[in-house]
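In: Build me a model:
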Amino acid sequence: MEIMDGSPKHAISRYVEWLITVVVLINCTAVILDSVPEIHALYKDFFHELEFWSVMFFTAEYIIRVWALGAHLEGAWKRVGAISSVRLG
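Out: Predicted coordinates for the structure are as follows:
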């Protein structure tokens, strides 16, 4: 799945990379702001929601990457099997 690998051949791949970058930057900013006691007191519910949805986002990203890697590895093992059968046959 080249889209998740940052392939320059796919426009959506660049979008995915930008989206991940933006979510990371938002999370970094939120951690910095949440460390200020006055801001935390006012926006703790917002930071909690942001944290929850960020975890959901990165969990989905992880699952998609593992799924894509599994499909890639399955194809690689099929090719190895085909090469082995030709070599042994």
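In: quick one, phi/psi of V36?
Out: For V36, the backbone dihedrals (degrees, to the nearest 10) come out as phi -90, psi 120.
In: What pLDDT does the model give it?
Out: Per-residue confidence (pLDDT) for V36: 97.
In: Low-confidence regions, the chain specifically.
Out: Under the criterion pLDDT under 70, the flagged ranges of the chain are 1-8, 71-89.
In: Quick one: the helices in it, in order.
Out: Taking DSSP state H, the helices of the chain run over residues 11-34, 37-88.
In: State the distance from E38 to E51.
Out: 19 Å (CB to CB, to the nearest Å). Quick note: C-beta positions are derived from backbone N, CA and C, even for glycine.
In: I12: how many residues sit nearby?
Out: Neighbours of I12 under the rule other CB atoms under 10 Å: 10.
In: cool, F58 as well?
Out: F58 is flanked by 14 other residues according to other CB under 10 Å.
In: What residues does it make contact with?
Out: V23 (CB atoms under 8 Å, 6 or more residues apart in numbering).
In: now with 6 Å?
Out: Neighbour list for F58: empty [criterion: CB atoms under 6 Å, 6 or more residues apart in numbering].
In: roughly how far apart are it and N27?
Out: 9 Å.
In: Same question for S35.
Out: According to CB to CB, S35 and N27 sit 13 Å apart.
In: Next: A11.
Out: The gap separating A11 from N27 is 25 Å, by CB to CB.
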